[in-house]
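**Student:** test case, fold it:
(2 chains)
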Amino acid sequence: GNSVTQMEGPVTLSEEAFLTINCTYTATGYPSLFWYVQYPGEGLQLLLKATKADDKGSNKGFEATYRKETTSFHLEKGSVQVSDSAVYFCALSDRTGRRALTFGSGTRLQVQP
Amino acid sequence: DTAVSQTPKYLVTQMGNDKSIKCEQNLGHDTMYWYKQDSKKFLKIMFSYNNKELIINETVPNRFSPKSPDKAHLNLHINSLELGDSAVYFCASSQDAFAGANVLTFGAGSRLTVL
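**Tutor:** The predicted model follows:
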């Protein structure tokens, strides 16, 4: 079956530091890949997505590249801000069979001033 | 103008009670979902409906029953509540589960606490 593995948190960084959150996946075929973000007390919001190998998704300074050879979709940001503090979820959607997102366990990011 | 709205936002109730959570989307989407988020933030799909037809029904106790009166609404009814049902329940929708990249839009969540 499909699965997504994320690095465990929390990840604590100082403002303006470089961020990487690792994500690897297992899926049949070629899934679409997503990063969602959940701010405290809120629902999940789509951050970025990629639908095929070598695609790069980007939004709000965050980037992730769909790497089919390593089955990875790592999230990066060059300079984090306090307002980026949230829980980040990697997810996949397969193109056949069940059509719901499969989520990773989430990684909490804490950015200190 | 909320895209996916859930009510209530908070629900505190006693074991054994029956409760419902309602969800409505105004995006014109064909597919709706219920996810459960546990205390460790893990998200698990429970149900999905596409145009009022059940397409995903995960291994969930039959005390949980979804109902979709039309494609803009997906309600979740829970009978005989247990302590382990305490969680945040998220409703979500997507344009069409069977077309392209399936981007979900989530509601703000309904926190259920069973005492």
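
**Student:** which ones are touching the spatially most central residue of chain B?
**Tutor:** Chain B has B:Trp34 as the residue nearest its centroid, 2.8 Å off, counting by CA atoms, centre = their mean. The contact partners of B:Trp34, taken as CB atoms under 8 Å, 6 or more residues apart in numbering or on different chains, are B:23, B:45-48, B:66, B:74, B:76, B:89-92. Just so you know, the C-beta spots here come from the backbone N, C-alpha and C atoms, and that holds for glycine as well.

**Student:** identify the bridge partners of it.
**Tutor:** B:Phe47, B:Cys91 (DSSP bridges).

**Student:** which residues of chain A lie near chain B?
**Tutor:** A:32, A:34, A:36, A:38, A:42-46, A:49, A:51, A:87, A:89, A:93, A:98-103, A:105-106, A:108 (CB under 8 Å from any CB of the partner chain).

**Student:** inside strands: which ones of these?
**Tutor:** Mapping these onto strands (DSSP state E) picks out A:32, A:34, A:36, A:38, A:44-46, A:49, A:87, A:89, A:93, A:102-103, A:108.

**Student:** buried only: go through those residues for me.
**Tutor:** Applying 16 or more other CB atoms under 10 Å in any protein chain shown to those, the neighbour count classes A:32, A:34, A:36, A:38, A:44, A:46, A:49, A:87, A:89, A:93, A:102-103, A:108 as buried.

**Student:** Serialize those residues to TSV and add fields for pLDDT.
**Tutor:** Below are those laid out as TSV (pLDDT from 0 to 100):
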residue	pLDDT
A:Ser32	90
A:Phe34	95
A:Tyr36	97
A:Gln38	94
A:Leu44	93
A:Leu46	95
A:Lys49	94
A:Val87	95
A:Phe89	96
A:Ser93	88
A:Thr102	90
A:Phe103	93
A:Arg108	95
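
**Student:** okay, the residues you listed in CSV with distance to B:Lys52 next?
**Tutor:** Formatted as CSV, those follow (distance: CB to CB, whole Å):
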residue, distance to B:Lys52
A:Ser32, 25
A:Phe34, 26
A:Tyr36, 26
A:Gln38, 28
A:Leu44, 24
A:Leu46, 25
A:Lys49, 27
A:Val87, 32
A:Phe89, 28
A:Ser93, 21
A:Thr102, 24
A:Phe103, 25
A:Arg108, 37
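
**Student:** so which bits of stretch A:19-38 are buried?
**Tutor:** Buried, per 16+ other CB under 10 Å, within stretch A:19-38: A:19, A:21, A:23-25, A:27, A:31-38.
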